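Visitor: sharing a model that was predicted from the sequence below.
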Amino acid sequence: MQLRHIDPGPRLKAYIHKIWVFESSVGIPNEDMRMIVPSGRIKLVIPYHNVASNTNGLVHSYRSNSIMLVGVTDTPRIINDAKNNPSGTIGIEFNPEGAYRFFHLNQSELKNKIHSLTDVLGKIAGELEEKISEIASVTGKVDLIQQFLLQQFTKLDSDLIFEYCVNRIRLSRGNININALEKETGYSSRWLNVKFLEKIGLSPKNLSSVMRFNYFYHLLASGNSVFFTEKEFYNSYYDQSHFIKDFKRFTGLPPTKLAKASNDFGKIFMR
């Protein structure tokens, strides 16, 4: 399995977290969990070899060169590869405050769901898929998608209050509550909740939970589990029970069991 990154163009860099290309000549090992955990990021996924995923018991299969809009999640996703076929996928992950600048829709309707981009944007997305299928090189496909995103970007104005709040949550690693955001912005929690659900699909509280979890999951994926014994998580959680509950919510397993499980596929996406 190999994951390589492609730098977003300079005009997109502030809104796209990363662009990656995943390739495997023999599929994903059967013993691997094949789990992708919630990240707080909306994604575009373009398989150029057939791929399938399982979210909340629903299996999605994708045809080559189709474009899928993956809504923000607060549940783990399992990638199916029963036949262990060669696979290849392009992924574009938007910063939590960035996706709304490209897709003019209520993101709460996409939460924990995967939609064909043609269902969301119609004819222009279908035309993009046709052009992508005509390009042989992966780099060429990525360049074409970035050109498309630049065209979409110009259609929406920025929401500076929303972007400020998301950045505060991210910089605090999820350790800021909505009361603090109310005081800093002068906007009510109700207003902030509506904005977040519309533009990212999660409430400020849920996004904070995902961001907090991601910090510790990244440490775990990097082989650093010292926080288990040193209880560093007490700086971010009420107690050990709260910490374990969040891990089980976002992975299905308590952290000690997750540390022993094989999830090499999922871990490479944390890099």
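Guide: Structure received.

Visitor: what's next to stretch 115-126, contact-wise?
Guide: Stretch 115-126 is contacted from outside by 44, 66, 67, 68, 69, 71, 103, 105, 128, 129, 148, using Cβ atoms under 8 Å, 6 or more residues apart in numbering. From N, CA and C alone the C-beta is placed, and that goes for glycine too.

Visitor: the fifth one: neighbour count?
Guide: Okay, so that is residue 69. 24 (other Cβ atoms under 10 Å).

Visitor: cool, and residue 101?
Guide: 23.

Visitor: let me see the contact set for it.
Guide: Residue 101 is in contact with 15, 153, 156, 158, counting by Cβ under 8 Å, 6+ apart.

Visitor: can you list the domains in this structure?
Guide: Using automatic domain parsing, the domains assigned to the chain come out as 2-153, 160-268.

Visitor: between the two ends of the longest one, how far is it?
Guide: I take that to be domain 2-153. 30 Å (Cα to Cα, to the nearest Å).

Visitor: check stretch 233-242 too.
Guide: End residues of stretch 233-242 are separated by 10 Å (Cα to Cα).

Visitor: contacts for that stretch next, please.
Guide: Against stretch 233-242 from outside (Cβ under 8 Å, 6+ apart): 173, 174, 175, 212, 215, 216, 227, 231, 243, 246.

Visitor: what residue is smack in the middle of this protein?
Guide: residue 41 (3.4 Å; Cα atoms, centre = their mean).

Visitor: on the pLDDT front, check that residue for me.
Guide: As predicted, residue 41 sits at a pLDDT of 94.

Visitor: cool, and residue 120?
Guide: 89.
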